[in-house]
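A.B. asks: what follows is a predicted structure for the sequence shown.
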Amino acid sequence: MAIPRFWREIPSRYNLIGTECGNCGKKFFPPRIICPDCHRKSVGKMKNVRFKGTGEVVTYSVIHNAPKAFEMQVPYIIAIIEFEKGVRATGQIIDCEPKDVKIGMKVVSTFRKIGEDGKSGVIYYGYKFKPA
Amino acid sequence: MREVAVIGIGETKFGELWDKSFREIGIEAGLLAIQDAGIKGNEIDALYIGNMSAGKFIDQEHIAPLVADYVGLAGQNLPATRIEAAGASGGLALSSAYMAVASEVHDIVVVGGAEKMTDVSEVYAQEILASTADQEWESVFGATFAGLHAMIARRHMHEYGTTKEQLAQVAVKNHKNGALNPNAQYRKELSLEIVISAPMVAEPLGLFDCAPLSDGAAALVLCPLDRAKSYTDKPVRIASCGQAGDYMALHDRRDICVMDATVVAGKKAFKYAGIGPKDINLAEVNDNYTISEILAIEDLGFFKKGEGGKATEEERTALNSEISVNPSGGLKARGQPVGATGVAQAVEVVRQLRGEAGKRQVKEARYGLAHNVGGTGSTVIVHIFEGGI
């Protein structure tokens, strides 16, 4: 992934910054520029909001066939985590054996290395999740 | 709007076609459809081609004029348009052509779908497939395309008790059908034991829960229904078309176990056609992963939510049962050249409604449906066809 593309998302990937609609109060992660409920009433009213990173496993998979950047990590756990009602993110679950993951399990976000551009390229950081 | 008919069909064999180039397979399918329709090149008003990612797979963008050129129609300055909607590219190429004829902008239109996926490594091809999900918020964290579907499967198992055996039965059925299809990539039946014991790709999905990477192309010729009989004795009417969208990322969907875009597109298609799910004799549905077919047959209204796995296990979707689902072998056995899929589904439905499907012929078929999905369900298009007119 091109450096500026990752760099632009650093606030969300490092600190779980999402947005909150100034019109209806609904929260979003990843951040949205327009609230899908309020449409134009939300334009210019979306405020930054930081999520604590605690949540529950909605569903998960253990990946065995991985993209090149993740080949060294197989088997790894990928999951959808719900921070609060309707606010969900996709990420890896670490510090946990695949057999111990369950739907409904409580997790907390942690700051980790996500990937790198080859041996001498840029290293990308961001959130993963571990059992709470 | 005027009524539209399919008067010609053509497709290549699907598979690892290493000895053929993208333009060669595009031409092969197109010529077969044109010959089948019995039209001349100078009668064609426009060409629409579904293609997902030629830029990545073969380093070639702008493929519509390329195919038009090499099929010999550049000299007549034929308008040629490429349509991209991930896995739904072919279905959207068909709907674009359908609307062009229905609205009287064009009379005779050729629809193509083509993808050449096996010139690149399998790992890279899988990364290209994953780019049809949300690259910045799903794929970047290691969520593969199979992994996203595996998460749908896991949740479906959790909520409805769907079993791995029921998922496997989708692959068993579709390989059984594919074995009867001369153009299918896999013409070999699979036992339930082999599917279940296959190596894991993304748990709970194993190797045989996943459709293959394929090369292949398919094509159709459309014309106004009132002119169709001058070209063929067996025109097939396009009864309706319904398209719908949804949130890009799986984690943002209203319900992970329901493809809302399928529900909405299906309802639109049934409403416009004036029929219901029970009237459909055969359906070519999205089965890029076994769980996808379970969702499709539930969300299109053939079975209640949560009962798709059980219905499959009870062989209610087998060839010439309650409803014949994926008589061609589906993406699973016929193959999955992504941009060609929607067109290949329509080719199979038309072939069935003409009564020309040989050993896999669905008996007394009048209505057929094609269900084409892009991404993990952010674009869905449903077409309904009527034969015997």
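C.D. replies: Perfect, I can see it now. Numbers count the residues shown, from 1 in each chain, chains lettered A, B, ... in the order given.
A.B. asks: element containing the closest residue to residue A:54 other than its chain neighbours, please.
C.D. replies: In this structure, residue A:54 finds its nearest non-sequential neighbour in residue A:108, 5.1 Å apart by Cβ to Cβ, 6 or more residues apart in numbering or on different chains. (C-beta placed from N, C-alpha, C; glycine too.) Using DSSP states H and E, residue A:108 sits within strand A:106-116.
A.B. asks: report all helices and strands that that strand contacts.
C.D. replies: Here strand A:106-116 touches strand A:54-63, strand A:123-131, going by 3 or more Cβ pairs under 8 Å, 6 or more residues apart in numbering or on different chains; DSSP states H and E.
A.B. asks: by contact count, what packs against the last one?
C.D. replies: I take that to be strand A:123-131. helix A:10-15, strand A:87-93, strand A:106-116.
A.B. asks: out of these, deepest packed?
C.D. replies: Neighbour counts (mean count of other Cβ atoms under 10 Å in any protein chain shown) averaged over each of the helices and strands packed on strand A:123-131 peak at strand A:87-93, with a mean of 24.
A.B. asks: alpha carbons of that strand, in PDB - could you do that?
C.D. replies: Output of strand A:87-93 as PDB, limited to C-alpha atoms (Å, rounded to 0.1, in the frame of the first residue of the first chain):
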ATOM      1  CA  VAL A  87     -19.700   0.300  15.600                       C
ATOM      2  CA  ARG A  88     -17.600  -2.500  14.200                       C
ATOM      3  CA  ALA A  89     -14.000  -3.000  12.900                       C
ATOM      4  CA  THR A  90     -12.100  -5.800  11.200                       C
ATOM      5  CA  GLY A  91      -8.700  -6.800  12.600                       C
ATOM      6  CA  GLN A  92      -6.500  -9.500  13.800                       C
ATOM      7  CA  ILE A  93      -6.800 -11.200  17.200                       C
END
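A.B. asks: who are the packing partners of it?
C.D. replies: By 3+ Cβ pairs under 8 Å, 6+ apart, strand A:87-93 packs against strand A:54-63, strand A:76-84, strand A:123-131.
A.B. asks: residues contacting the residue nearest to residue A:54?
C.D. replies: By Cβ atoms under 8 Å, 6 or more residues apart in numbering or on different chains, the contact set of residue A:108 is A:53, A:54, A:55, A:129, A:130, A:131, A:132.
A.B. asks: buried ones among those residues?
C.D. replies: When those are checked for burial by 16 or more other Cβ atoms under 10 Å in any protein chain shown, the buried set is A:53, A:55, A:129.
A.B. asks: could you find the closest non-adjacent residue to the residue of the stretch 251-389 of chain B found nearest chain A?
C.D. replies: Going by Cβ to the nearest Cβ, chain A is nearest to residue B:251 of the stretch 251-389 of chain B, at 4.0 Å. Using Cβ to Cβ, 6+ apart and skipping the chain neighbours, the partner closest in space to residue B:251 is residue A:88 (4.0 Å).
A.B. asks: and that neighbour, bridged to which residues?
C.D. replies: Beta bridges link residue A:88 to residue A:82 when assigned by DSSP bridges.
A.B. asks: residues in contact with it?
C.D. replies: A:29, A:58, A:80, A:81, A:82, B:251, B:252.
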